[in-house]
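K.L.:
build the 3D model from these lines:
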Amino acid sequence: MAKKNKGNIQKTLLLRGDIYKKQGNISAAKEEYQKAVFYNINMKAAQDALASVE
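P.N.:
Modelled structure (predicted):
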């Protein structure tokens, strides 16, 4: 159960980052992407998203 919740957190953070990015709030998007990478360093989508705002 905990592993599934961890995956949901990563996806939620990635989605929140995407929303912030679309709103033009790059600093907030970067924070959310960084959190997603923190929870899973191997999450390629989060790594790519983070790279897109750096």
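K.L.:
residue contacts, residue 49?
P.N.:
14, 17, 18, 21, 29, 33, 36 (Cβ atoms under 8 Å, 6 or more residues apart in numbering). Every C-beta, even on glycine, is put in place using the N, C-alpha and C of the backbone.
K.L.:
could you identify the most distant pair in those residues?
P.N.:
21 and 36 (12.6 Å; Cβ to Cβ).
K.L.:
out of those two, which sits in the busier spot?
P.N.:
When neighbours are counted by other Cβ atoms under 10 Å, residue 36 comes out ahead of the other of residue 21 and residue 36, with 25 against 18.
K.L.:
hang on, the earlier thing: dump the contacts of residue 49 to TSV, plus secondary structure and distance to residue 45.
P.N.:
Shown next, in TSV, are those (DSSP: H, G, I helix; E, B strand; the rest coil; distance: Cβ to Cβ, whole Å):
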residue	secondary structure	distance to residue 45
14	helix	6
17	helix	10
18	helix	10
21	helix	13
29	helix	13
33	helix	9
36	helix	8
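K.L.:
ok, residue 19 - how many residues close by?
P.N.:
So residue 19, with other Cβ under 10 Å, has 13 neighbours.
K.L.:
element containing it?
P.N.:
helix 2-22 (DSSP states H and E).
K.L.:
flag every buried residue along that helix.
P.N.:
10, 11, 13, 14, 16, 17, 20, 21 (16 or more other Cβ atoms under 10 Å).
K.L.:
surely the fourth one meets residue 33?
P.N.:
Yes: between residue 14 and residue 33 there is a contact under Cβ atoms under 8 Å: 7.0 Å.
K.L.:
what do the two both touch?
P.N.:
Joint contacts of residue 14 and residue 33 (Cβ under 8 Å, 6+ apart) are 46, 49.
K.L.:
can you pull out the low-pLDDT segments for this protein?
P.N.:
Scanning the chain with the threshold set as pLDDT under 70 gives 1-7.
K.L.:
contacts made by stretch 23-40 with the rest, please.
P.N.:
With Cβ under 8 Å, 6+ apart, stretch 23-40 has contacts from 6-7, 9-10, 13-14, 16-18, 20-21, 43, 46-47, 49-50, 53-54.
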